[in-house]
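Colleague: Structure of the sequence below:
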Amino acid sequence: MELSKVKKWVQPAINALPSKRVLLVLLIIIAAYLLVMAPILNEWIYPLKYEEYIFNSAKQYNTDPFLIMAIIRVETKFDPKGRSRVGAQGLMQIMPETMDWAISKGNFSPSLKSYIHDPATNIQVGSWYVSFLMERYKGNKVAVAASYNRGPTKVAEWIREGVWDGTRKNSYKIPVKETRDYVDRVTYYYDKYRSLYKDLAEKYNYKS
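Modeller: Numbering: from 1, shown residues only. Below you'll find the model as predicted:
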């Protein structure tokens with residue numbers, strides 16, 4: 001097609017465009033809209049519930065509230081009625097044997113077993129367990145996530161035998177796909193929740 005014919009078709013479209021000043025105003029309006037809407041959309045995509053319980057338990061047991069958020073998001077999407085096919089219960093999907101162990105080692109009242117679906121109770125026990133894992137793995141959140149899914153004995157064995165070095169970079173070496181996927185999801189949501197809700201740390205007087 002000749003250039004003159006191309007111009008014949010394109011020129012009317014160009015002429016129909018708004019002036020540069022109008023386009024600039026439109027771009028500013030769009031940018032402002034996106035600036036306002038982006039946080040709202042992010043909070044809709046990455047919702048947060050029970051933040052008071054999460055921060056209070058994190059302070060009580062000196063652990064990371066954003067890791068707790070990420071685990072809850074992956075486990076139940078903040079649904080306190082969650083129950084797995086293997087018997088894990090509540091927001092943080094605590095197994096009955098983990099609850100028994102927490103009662104024994106964490107000086108929790110046995111009566112708490114009756115309140116495992118209560119968000120405050122579930123988060124408190126789950127946070128204590130995360131704190132235990134954080135201490136065991138010297139603050140390695142990636143290894144903590146793997147242990148929360150697969151159990152600390154098995155993960156410690158992988159690290160000890162050199163199967164996996166406990167890092168996020170080498171999480172592809174985790175030999176169990178379920179745990180590998182779990183670690184990837186928890187670390188992803190950890191970054192998201194920490195970015196979106198970091199201002200809550202000041203609100204609840206949490207210091208990392």
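Colleague: dump the residue contacts of the residue positioned nearest the centre of the chain.
Modeller: What sits nearest the mean C-alpha location of the chain, by Cα atoms, centre = their mean, is residue 70, with 2.4 Å. Each residue near residue 70 by Cβ atoms under 8 Å, 6 or more residues apart in numbering is listed here: 145, 186-190, 192-193. (C-beta placed from N, C-alpha, C; glycine too.)
Colleague: Need the buried ones from these selected in ChimeraX.
Modeller: In ChimeraX, this line selects whichever of the contacts of residue 70 come out buried by 16 or more other Cβ atoms under 10 Å:
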select :145,186,187,189,190,192,193
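Colleague: And the residue nearest to the centre of the chain, how close does it get to residue 171?
Modeller: Separation of residue 70 from residue 171 (Cβ to Cβ, to the nearest Å) stands at 14 Å.
Colleague: what's the answer for residue 189, then?
Modeller: Separation of residue 189 from residue 171 (Cβ to Cβ): 14 Å.
Colleague: just residue 44 next, same as before
Modeller: In this view, residue 44 and residue 171 are 28 Å apart by Cβ to Cβ.
Colleague: Show me the shaky parts of the chain.
Modeller: 1-43 (pLDDT under 70).
Colleague: quick check: domain ranges of it?
Modeller: What automatic domain parsing lists as the domains of the chain is 3-45, 51-203.
Colleague: which of residue 44 and residue 171 has more neighbours?
Modeller: Looking at residue 44 and residue 171 with other Cβ atoms under 10 Å, you find the greater number of neighbours at residue 171, namely 20 against 9.
Colleague: The more buried one and residue 145: what is the separation?
Modeller: Distance, residue 171 to residue 145, by Cβ to Cβ: 9 Å.
Colleague: Quickly list what's touching both of the two.
Modeller: 183, 187.
Colleague: Can you name the residues that contact residue 163?
Modeller: Per Cβ under 8 Å, 6+ apart, neighbours of residue 163: 157, 173, 175.
Colleague: next one: residue 61
Modeller: So residue 61 contacts 127-128, 130-131 (Cβ under 8 Å, 6+ apart).
Colleague: could the residues you listed be laid out in JSON lines, adding distance to residue 167, neighbour count and secondary structure?
Modeller: As requested, the contacts of residue 61 are exported to JSON lines (distance: Cβ to Cβ, whole Å; neighbours: other Cβ atoms under 10 Å; DSSP: H, G, I helix; E, B strand; the rest coil):
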{"residue": "127", "distance to residue 167": "24", "neighbour count": "27", "secondary structure": "helix"}
{"residue": "128", "distance to residue 167": "25", "neighbour count": "19", "secondary structure": "helix"}
{"residue": "130", "distance to residue 167": "19", "neighbour count": "26", "secondary structure": "helix"}
{"residue": "131", "distance to residue 167": "21", "neighbour count": "20", "secondary structure": "helix"}
